[in-house]
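Student: what shape does this take:
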Amino acid sequence: MAFDRLEVEKVAQLARLHISDAEAQEVTSRINDILDLIDRMQSVDTENVEPLAYPRDVRQRLRPDEITETDRREELQRLAPAVESGLFLVPKVLD
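Tutor: Next comes the predicted model:
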């Protein structure tokens with residue numbers, strides 16, 4: 001699929017972008033390069049390739065699920081300007 005300069009100018013107009021002739025030519029060239037790359041990628045035979053979650057065969061090292069901080073809710077709520085039923089009250093922003 002080829003993208004021509006007229007299509008670039010049409011899209012620029014729809015997006016309310018003002019581009020020069022040189023910019024339109026550059027964008028056309030870049031879009032065509034991207035479309036060519038996509039065509040080449042789609043032509044690769046992936047029939048016997050297993051899907052991967054990650055590009056490298058690496059295991060995720062997980063840290064132990066341990067509590068490292070103490071509960072400071074009451075201490076912090078004493079500093080808050082407004083608290084009700086254990087919740088911080090904040091000013092209404094939207095009606």
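Student: quick one: furthest residue from the center of this structure?
Tutor: Most distant from the centre of the chain: R78, at 38.7 Å, with distances by Cα atoms, centre = their mean.
Student: pull out the buried positions in the strand or helix carrying it.
Tutor: Here R78 sits within helix 73-79, counting by DSSP states H and E. Buried residues in helix 73-79, counting neighbours by 16 or more other Cβ atoms under 10 Å, are absent. No exception for glycine: its C-beta is placed from N, CA and C like everyone else's.
Student: same thing with stretch 23-36?
Tutor: Buried residues in stretch 23-36 (16+ other Cβ under 10 Å): A24, V27, T28, I31.
Student: secondary structure class of the second one, three-state.
Tutor: So that's V27. Three-state call for V27 (DSSP: H, G, I helix; E, B strand; the rest coil): helix.
Student: what sits closest to it if chain neighbours are left out?
Tutor: Among residues not flanking V27 along the chain, V8 sits closest, at 5.1 Å (Cβ to Cβ, 6 or more residues apart in numbering).
Student: so the one you found sits in a helix?
Tutor: Yes. Under three-state DSSP, V8 sits within a helix.
Student: circling back to that earlier point, so how far is F88 from the residue farthest from the centre of the chain?
Tutor: 12 Å (Cβ to Cβ, to the nearest Å).
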